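Undergrad: coords please:
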Amino acid sequence: MDNLFFVLSKLVWGLLSPTSLMVWLLVFVTLLLWLNYVRQAKKLLLLMSIVSFIVMGYPVGDYLIHPLETRFSVPEQMPEPLAGIIMLGGAEQLKLSDSWQAPQVGDGAERILQTAELAQQYPTLPIIVTGGSNLVQMQHLDSEGQVAKKLLSQAGVEPARVIIETQARNTYENFQKIKPLLPKPAGRYILVTSAFHMPRAVGVAKQQHINVIPYPVDYRSDKPNNRYWDFDLSAHLAVLETACHEWLGLVVYYATGKTQSWFPQATVSVDKKD
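TA: So this is what the prediction gives:
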């Protein structure tokens, strides 16, 4: 079932992402024109043009991703004792790392940088890194965990401290597969992942009875006073795609029983920054 879920999730997102939907609508409009449904095609083209112009001109995706990124805050003070640091993979570029035979990182590099900083703050804690390959056709590549361990080593983290899990292909499998690897199953672990991804990650951790302290990084939305018309289509579309993907993931995970609530909250009570 896990394999089926993984493949279907990739297929469905490939069909339903905002960019894919625009392409499908364009194909549909072309079909309407070929069939001489000119009036219907014109109406659809007008709608597509208006939506595309707004997305190109203004960061509408910020309104969708901001609630995800503000669900949790960085702890003001860490509770004691701590059992370790968990970092979820996702920033690593597997195909590029394989192509150039050197670890490459893309969006989300803050996960690795912040984990390295926390490793310095807590020099005795083990670091658990989880991530396989989320590519359907290239499962033979080095995993996210392997690439992340190399990057953490470059950032000054002693390799002996890093425990890697290399089979997980999604958030659910991240926690399912690291659970047997945790040095203290009942301990509290700092969880490092992107802020927009933290609600779903916390929900899965809670379902797996792993006690985590959210430490969000890698913010993608601007605060309201920094939002303005700038006509940066690629940046706006990237945020919109990420937000839609994460909201869809929350719905699917809740519907399939991988989380106990649709919009998970913190598993522990800690002081937080404003």
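
Undergrad: quick one: Val55 and Leu237 touch, right?
TA: Yes: if you go by Cβ atoms under 8 Å, Val55 and Leu237 touch, sitting 6.4 Å apart. Heads up, the C-betas are built off the backbone N, CA and C, glycines and all.

Undergrad: so what sits against both of these two?
TA: 18, 61 (Cβ atoms under 8 Å, 6 or more residues apart in numbering).

Undergrad: can you map out the helices along the stretch 1-150 of the chain?
TA: Taking DSSP state H, counting those that start in this stretch as the test, the helices found in the stretch 1-150 of the chain are 2-16, 18-34, 38-57, 61-69, 94-100, 110-121, 144-154.

Undergrad: most tightly surrounded among these?
TA: Mean neighbours per residue, mean count of other Cβ atoms under 10 Å, is largest over the helices of the stretch 1-150 of the chain for helix 144-154, with a mean of 22.

Undergrad: Output the contacting helices and strands for it.
TA: Counting contacts by 3 or more Cβ pairs under 8 Å, 6 or more residues apart in numbering; DSSP states H and E, helix 144-154 packs against helix 94-100, helix 110-121, strand 127-130, strand 162-165.

Undergrad: I'd like the mean pLDDT over the first one, please.
TA: Throughout helix 94-100, pLDDT has a mean value of 86.

Undergrad: helices or strands up against that helix?
TA: helix 144-154.

Undergrad: Run the chain-centre distance for the helix it packs on.
TA: 18 Å (Cα atoms, centre = their mean, to the nearest Å).

Undergrad: can you state the direction angle for that helix and helix 110-121?
TA: 50 degrees (axes from the mean of the first three to the mean of the last three Cα atoms, to 10 degrees).

Undergrad: In CSV, list the helices and strands packed on helix 144-154 along with distance to Leu181.
TA: Output for those, formatted as CSV (distance: least, Cβ to Cβ, whole Å):
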stretch, distance to Leu181
helix 94-100, 21
helix 110-121, 16
strand 127-130, 6
strand 162-165, 6
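
Undergrad: Which among these is found nearest to Thr256?
TA: Closest to Thr256 of these is strand 127-130 (Cβ to Cβ; 19.8 Å).

Undergrad: Pull out the C-alpha coordinates of the closest one and format them as PDB.
TA: Only the C-alpha atoms of strand 127-130 are listed here, as PDB (Å, rounded to 0.1, in the frame of the first residue of the first chain):
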ATOM      1  CA  ILE A 127      21.400  13.900  14.700                       C
ATOM      2  CA  ILE A 128      18.900  11.700  12.900                       C
ATOM      3  CA  VAL A 129      18.500  12.500   9.200                       C
ATOM      4  CA  THR A 130      15.800  10.900   7.200                       C
END
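
Undergrad: which other helices and strands contact it?
TA: strand 84-88, helix 110-121, helix 144-154, strand 162-165, helix 171-178.

Undergrad: closest one to Leu33 among these?
TA: Closest to Leu33 of the helices and strands packed on strand 127-130, according to Cβ to Cβ: helix 171-178, at 41.7 Å.

Undergrad: quick one: contacts for Glu165?
TA: 128-132, 145, 174, 177-178, 181.

Undergrad: Of the residues you listed, just the buried ones, PyMOL syntax please.
TA: In PyMOL, this line selects whichever of those come out buried by 16 or more other Cβ atoms under 10 Å:
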select buried, resi 128+129+130+131+132+145+174+177+178
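
Undergrad: Alright, that wraps it up for me.
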